[in-house]
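Participant: build the 3D model from these lines:
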Amino acid sequence: MAHRIEDYFPTTSPPNLRVKNIAAPPASAARPDPSNIAQALTPVRDLLVGKTLAFITGAGLSTDSGLPDYRSPGSPPRHPITLQQFMGDYRWRRHYWARNHQGWFGPQLAQPNAGHFALAELEHRGVVNGLITQNVDRLHSRAGSRNVVDLHGRYNEVLCTECGEITSRQSLHERLEALNPGFRIADPRVMDIAPDADASVADTTGFRIVNCLKCGGILRTNVVFFGGKVPHDDVVHAREIVSDADALVVAGSSLAVGSAMRFVRQAAKENKPVVMINRGPTRGDKYATLNVHIGTSTALPWLAQHL
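Facilitator: Numbering: from 1, shown residues only. Okay, here's the model as predicted:
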């Protein structure tokens, strides 16, 4: 099965390194969209109308763009590489980049869906003051949203861990293509690609990787790996978005990761309404003023029409 620890070491045993396990609720926890959309969302409209809104979004918002998520009910177990593993062992870096060499085409080819466009419209009208997204796919920005905190980074950027220079993933792709001319790129539409752009590749032992052109340092995608930290400036920006809003809406996220959960606690502490829009339960349900189990591509366009 793809995305196990062993997948990164097809010919040898994996090193004794800790991997963060990501648990998803069982498929039975999934809830279908309500039969009466207006009836389900009218209480949300009544609570939020006339207010300035901050949004937190998660991978559930991008599933209708063809991208998978980690924790929707019934999602397969995945074991993402940690920052410690990536930095600590050349073999992890080699296998990570070989799989990302294929997997980054997933978000690259994805298109914004109705939920992304609805949030961009609400921001343009002044209803939404900003978005805090856990997604690295950049689909909010491509849909037209402007005040976006990419809390977990950006799939299409590469960061040098030594000098801090940021370059494009496209430029790295061209360098890796030149070094690995026989490495076949499969159709991303039929591949098993994880939310972090990790593709299922059987054997990556011969893949060659590169370092920073400027200083020779180790390169990694400019995303927050498991075991890493959200940049301080992004946390400050996100807190400002929540502080400046009258209410907080969480859309398409189970809030299993503390990096976003802190902003739900902030809103609750500031006595602001918190609305959860998600197909399954979330870690922040106890803070919710309202909780609607519904898909974001259904709920957000309806709210854009009625707020």
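
Participant: where does the prediction get shaky in the stretch 1-150 of the chain?
Facilitator: 1-30, 70-79 (pLDDT under 70).

Participant: quick one, helices of it?
Facilitator: Along the stretch 1-150 of the chain, counting by DSSP state H, counting those that start in this stretch, helices occupy 37-48, 83-88, 90-103, 105-109, 114-124, 139-143.

Participant: so for Pro181, which of those sits nearest?
Facilitator: With C-beta to C-beta as the criterion, Pro181 lies closest to helix 90-103 of the helices of the stretch 1-150 of the chain, at 12.4 Å. For every residue, glycine as well, the C-beta is placed using N, CA and C.

Participant: for that closest one, the distance to its chain's centre please.
Facilitator: 19 Å (C-alpha atoms, centre = their mean, to the nearest Å).

Participant: now the nearest residue to Asp150 once chain neighbours are set aside, which residues is it bridged with?
Facilitator: In this structure, Asp150 finds its nearest non-sequential neighbour in Thr133, 6.2 Å apart by C-beta to C-beta, 6 or more residues apart in numbering. Note on Thr133: beta-bridge partners by DSSP bridges are Thr57, Asp150.

Participant: nearest to Thr221, of the helices of the stretch 1-150 of the chain?
Facilitator: Counting by C-beta to C-beta, and looking across all of those, nearest comes helix 90-103 at 6.5 Å.

Participant: which elements pack onto that closest one?
Facilitator: If you count contacts as 3 or more C-beta pairs under 8 Å, 6 or more residues apart in numbering; DSSP states H and E, helix 90-103 packs onto helix 83-88, helix 169-179.

Participant: using TSV, lay out the ones you listed together with distance to Thr52 and mean neighbour count.
Facilitator: Below are these laid out as TSV (distance: least, C-beta to C-beta, whole Å; neighbours: other C-beta atoms under 10 Å):
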stretch	distance to Thr52	mean neighbour count
helix 83-88	35	18
helix 169-179	34	14
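
Participant: among the ones you listed, which is nearest Asp233?
Facilitator: helix 83-88 (18.6 Å).

Participant: so what's the gap between that closest one and the chain middle?
Facilitator: Relative to where its chain is centred, helix 83-88 has its mean C-alpha point 20 Å off (C-alpha atoms, centre = their mean).

Participant: ok, now stretch 174-184?
Facilitator: So, by C-alpha atoms, centre = their mean, the centroid of stretch 174-184 is 27 Å from its chain's centroid.

Participant: same question for stretch 93-106.
Facilitator: 16 Å.

Participant: sorry, back to before: how about the helices of the stretch 1-150 of the chain in a markdown table, adding distance to Leu303?
Facilitator: Below are the helices of the stretch 1-150 of the chain laid out as a markdown table (distance: least, C-beta to C-beta, whole Å):
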| stretch | distance to Leu303 |
| --- | --- |
| helix 37-48 | 7 |
| helix 83-88 | 36 |
| helix 90-103 | 32 |
| helix 105-109 | 25 |
| helix 114-124 | 7 |
| helix 139-143 | 15 |
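
Participant: closest one to Val158 among those helices?
Facilitator: Once these are compared by C-beta to C-beta, helix 90-103 is nearest, at 10.0 Å.

Participant: quick check: buried residues in stretch 299-307?
Facilitator: 299-304, 307 (16 or more other C-beta atoms under 10 Å).

Participant: name the nearest of those relative to His232.
Facilitator: Looking across the buried residues of stretch 299-307 and measuring by C-beta to C-beta, the closest to His232 is Leu300, at 29.8 Å.

Participant: got the helices and strands packed on helix 90-103 as CSV, with distance to Arg262 columns?
Facilitator: Below are the helices and strands packed on helix 90-103 laid out as CSV (distance: least, C-beta to C-beta, whole Å):
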stretch, distance to Arg262
helix 83-88, 19
helix 169-179, 28
